[in-house]
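Asks: Here is my input, please return the structure:
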Amino acid sequence: MNYLKEFVINFGNLKPGIHKYEFEIGEKFFEQFEYSLVKHGSLQVILDLEKQKETLMLFHFKINGLIVLQCDRCLDNYSFPLNTEEQLIVKLQEAPKETDDDEIIFLPVETYQIDISSYIYEYINLALPLKSVCNLGAKECNPEMLAVLEKMNTPPKADDNTDPRWEGLKGLN
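Replies: Next up, the predicted model:
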């Protein structure tokens with residue numbers, strides 16, 4: 001059974017006005033995307049679809065919840081609160097065109113449904129922090145791992161037993 005088919009919205013038979021949809025996003029959702037940065041989480045998506053005319057619709061997404069990220073510094077997992085709002089404008093027309101605007105998509109006029117799963121996935125990923133560290137969540141970095149990293153980044157102490165062959169090169173400048 002295709003898990004993502006619940007994210008297909010049949011707008012062809014909707015009357016003009018606002019239509020509300022709610023979706024629960026969890027691990028099974030993220031499994032559908034092969035190289036997903038997020039593997040675990042619990043999110044709620046509230047979608048307000050406003051059908052203005054037969055050829056124009058506004059999709060307003062509110063995504064709230066927690067996702068599990070891996071800290072870039074200590075590699076521990078931590079919970080990150082995600083709260084984002086995004087808008088998508090869908091225009092139906094005879095000759096769909098490409099646009100550079102990420103908020104507007106054009107579809108053929110005979111289209112009657114849209115799969116919003118990829119848009120939800122994209123909006124979640126756009127809301128991720130560029131640098132993922134534990135203190136963005138509710139915990140601090142793992143002190144044991146930080147100690148190991150500090151030890152690895154400390155330069156070795158100068159040795160008095162320098163190879164005499166290198167002494168001659170010090171005078172060359």
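Asks: wait, what's in contact with the most centrally placed residue in the chain?
Replies: The centroid of the chain falls nearest to residue 125 when counting by C-alpha atoms, centre = their mean (1.0 Å). For residue 125, the contact set (C-beta atoms under 8 Å, 6 or more residues apart in numbering) comprises 37-38. For glycine as for every other residue, the C-beta is placed from the backbone atoms N, C-alpha and C.
Asks: Contacts only, for residue 7.
Replies: Residue 7 touches 23, 115-117, 120, counting by C-beta under 8 Å, 6+ apart.
Asks: Where does pLDDT dip in this protein?
Replies: In the predicted model of the chain, residues 1, 96, 99-100, 136-139, 156-162, 173 satisfy pLDDT under 70.
Asks: Can you show me the helices along it?
Replies: In the chain, the segments counted as helices under DSSP state H are 27-31, 117-126, 143-153, 164-170.
Asks: The second one: how far from the chain's middle?
Replies: Helix 117-126 has its average C-alpha position 6 Å from the chain's average C-alpha position, going by C-alpha atoms, centre = their mean, to the nearest Å.
Asks: Surely residue 8 is in contact with residue 114?
Replies: Yes. Using C-beta atoms under 8 Å, residue 8 makes contact with residue 114 at a distance of 7.2 Å.
Asks: Neighbour count for the two, which is higher?
Replies: residue 114 (19 against 12; other C-beta atoms under 10 Å).
Asks: Is that one bridged to anything, and to what?
Replies: Going by DSSP bridges, residue 114 is paired in beta bridges with residue 9.
Asks: Restrict stretch 57-74 to CA atoms and write it as PDB.
Replies: Written as PDB, here are the backbone C-alpha positions of stretch 57-74 (Å, rounded to 0.1, in the frame of the first residue of the first chain):
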ATOM      1  CA  MET A  57      -6.100  27.800  -5.200                       C
ATOM      2  CA  LEU A  58      -4.100  28.900  -2.200                       C
ATOM      3  CA  PHE A  59      -2.500  26.300   0.100                       C
ATOM      4  CA  HIS A  60      -1.500  27.500   3.500                       C
ATOM      5  CA  PHE A  61       0.600  25.000   5.500                       C
ATOM      6  CA  LYS A  62       1.200  25.100   9.300                       C
ATOM      7  CA  ILE A  63       3.700  22.500  10.400                       C
ATOM      8  CA  ASN A  64       4.300  22.000  14.200                       C
ATOM      9  CA  GLY A  65       5.900  19.300  16.300                       C
ATOM     10  CA  LEU A  66       9.300  17.700  17.200                       C
ATOM     11  CA  ILE A  67      11.800  16.100  15.000                       C
ATOM     12  CA  VAL A  68      14.900  14.200  16.000                       C
ATOM     13  CA  LEU A  69      18.200  15.600  14.700                       C
ATOM     14  CA  GLN A  70      21.800  14.500  15.100                       C
ATOM     15  CA  CYS A  71      24.100  17.100  16.700                       C
ATOM     16  CA  ASP A  72      26.900  18.200  14.300                       C
ATOM     17  CA  ARG A  73      29.200  18.600  17.300                       C
ATOM     18  CA  CYS A  74      28.800  15.600  19.600                       C
END
